[in-house]
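# this is the structure alone, sequence omitted:
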């Protein structure tokens, strides 16, 4: 592989900083876990926006978004209200019309709280089946800008 | 007013029963208050569905929904996880393209937890201004079926 | 294995019926996926309550809840506002102080929308380390009442 | 009133910047309105933290938080995914153990989206009635640092 391609494939890591809010936490005084997936979702949108594909740009190429196919996460340490955390997101693998995102949520002191992976499909309306979706091939420049890797 | 109209205007009261979930509550062990507005919203959808206007029917008459104009609520007693509650909703007033909904959230033992009012506008896309909305006159049969009053 | 045990280990399946709300859905007109995990959480609470361990009973045995260890889910079909769905939950495996819950979310017509697994740990405050948690052995009658299996 | 007091009473305005997320929006492609109240709540926490009363400091003075008494809001313009907005919060009035917060949510271009008011009570556990709350007098330095006014 020529050096330029190797450089291109080094994954871009997007960062979404967040303050954990009181309302994100449950009576056990820690983050109610479904919120971590909302933050994964924010990380994926940030990643695509960093590559030039914000919501408006996605709509221009005919995409209605990137529905989830599967997801997994492990929870290593809890977070509490007023903790400062950040979602670090990168592409782990590209498919034809799909991609896998690796998310790591860290507390400000560097402690890894949550690690997970989402598989997404870039989707467009299916003209042959009203109300249905079909895959949209991932644009080459998105792959180039985001690279991939663990 | 003739008796038939008087009967028609007696407000229909919709009821949405709910179990308060663990994730609805915050570290003070009570419902995080924005959730009550999600339940008001459910109450308003239930009310319109009870009148024959579920989401599909609203779309058939060209409506994209009923955006909020203003809302107020008073919180009389807290609710906690696993409390059984219900949202009781009725139309308090009709406008041309708008309506006011009165919501009362009660615990199973009858205690009133929250009382509030939403003003909504029934909306459609504005063909003259792409991306903008305009009011859609409230259908006469919706008024007839739901009535209004305090 | 004697017949009585075989019967005991057949998994109890809890069911939480839900109407998908407008506010559960995103601009693609389908459920925003983190909400499915809030529904998994509701399923797990229902399961334990079915075994006699509602929140009050859990607190009586000294438990502060059952933090998540890991979770995975696959999304097979989308759900939309006003779909009637149900979360079907059962214990897939027991550990000493932990358990795995298998959740299947189905639409009223039987279509499987989401399937996933949570690993949870039954937790109590750790008297040796203020602010920390430690595992609480799963009560024998909880295992007996819920059984386990795929 | 001496000048120093006049200065002290000029209200401090806290600002919480936010990017509207995809998951904050509903099928009408605008923010689902209960989310604005979660943002009001974030604004109130920010305001108290700006006065030196973050969650840890509130707990040190025996407070379990500041439950909502009533709230009202008017919605002037919608926000959509990826809009950059900010919550501007200030104390509008002080009571003995209560306070009123005025919140204004603006889009980055200055457009006012939502304006509302929360009445909160600073609360502590009531030693005379287990499981009940009672008011906690607002600390003088909190009033001094935050001032008040419209």
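Now that the structure is in, tell me what you want to look at. Since this is a predicted model, take the numbers as computed values, not measurements.

# now for chain A, the helix or strand with the poorest mean pLDDT.
Taking mean pLDDT, DSSP states H and E as the measure, chain A has helix A:3-9 as its least confident helix or strand, at a mean of 50.

# and the following helix or strand past it, what does it pack against?
Using DSSP states H and E, the helix or strand that directly follows helix A:3-9 along the chain is strand A:14-19. If you count contacts as 3 or more Cβ pairs under 8 Å, 6 or more residues apart in numbering or on different chains; DSSP states H and E, strand A:14-19 packs onto helix A:34-50, strand A:84-94. C-beta here means a position set from N, CA and C on the backbone, and glycine is covered the same way.

# so for the shortest one, what gets flagged as buried?
Of the residues in strand A:84-94, those with enough neighbours to count as buried (16 or more other Cβ atoms under 10 Å in any protein chain shown) are A:85-92, A:94.

# tell me the spacing between the residue nearest the centre of chain A and chain B.
For chain A, the residue nearest the mean C-alpha position is residue A:44 (2.3 Å; Cα atoms, centre = their mean). Remark: distance between residue A:44 and chain B (Cβ to the nearest Cβ, to the nearest Å) = 22 Å.

# got it, and residue A:80?
Distance from residue A:80 to chain B, by Cβ to the nearest Cβ: 8 Å.

# then residue A:41?
From residue A:41 to chain B the distance is 17 Å (Cβ to the nearest Cβ).

# same question for residue A:76.
Applying Cβ to the nearest Cβ, the value for residue A:76 to chain B is 20 Å.

# repeat that for residue A:58.
17 Å.

# residue A:102 reaches residue A:87, doesn't it?
No: in this structure, residue A:102 is not within contact of residue A:87 by Cβ atoms under 8 Å, at 11.0 Å.

# show me what from chain A comes close to chain B.
A:22-23, A:25-27, A:29, A:32, A:34, A:81 (Cβ under 8 Å from any Cβ of the partner chain).

# of the residues you listed, list those near chain D.
Restricting these to those near chain D - Cβ under 8 Å from any Cβ - leaves A:22-23, A:81.

# farthest residue from the center of chain A?
Chain A, Cα atoms, centre = their mean, max distance from centroid: residue A:128 (29.2 Å).

# part of a helix, is that one?
No: read with DSSP: H, G, I helix; E, B strand; the rest coil, residue A:128 is coil and lies in no helix.

# show the pLDDT at the spatially closest residue to residue A:107 that is not a sequence neighbour.
Distances taken as Cβ to Cβ, 6 or more residues apart in numbering or on different chains place residue A:85 nearest to residue A:107, at 5.3 Å, with adjacent residues excluded. At residue A:85, the model reports a pLDDT of 98.

# cool, the one 4 residues further on as well?
Per-residue confidence at residue A:89 stands at 98 (pLDDT).

# touching, it and residue A:14? I think so.
Yes: using Cβ under 8 Å as the test, residue A:89 is close enough to residue A:14 to be in contact (4.8 Å).

# identify the contacts common to these two.
A:43, A:46-47 (Cβ atoms under 8 Å, 6 or more residues apart in numbering or on different chains).

# against chain D, how distant is residue A:56?
8 Å.

# enumerate the residues of chain A near chain D.
Checking chain A against chain D by Cβ under 8 Å from any Cβ, the hits are A:19, A:21-23, A:38, A:41-42, A:45, A:49, A:54-56, A:65, A:81-82.

# pretty sure residue A:143 is in a strand, no?
No: counting by three-state DSSP, residue A:143 falls outside a strand, being helix.

# from residue A:12, how far off is it?
11 Å (Cβ to Cβ, to the nearest Å).

# same check, this time on residue A:67
For residue A:67 relative to residue A:12 (Cβ to Cβ), the value is 22 Å.

# can you check residue A:99 too?
13 Å.

# any residues in contact with both of these two?
Common neighbours of residue A:99 and residue A:12 (Cβ under 8 Å, 6+ apart) are residue A:91.

# more crowded one of these two?
Set residue A:99 next to residue A:12 and count neighbours by other Cβ atoms under 10 Å in any protein chain shown: residue A:99 wins out with 25 against 15.
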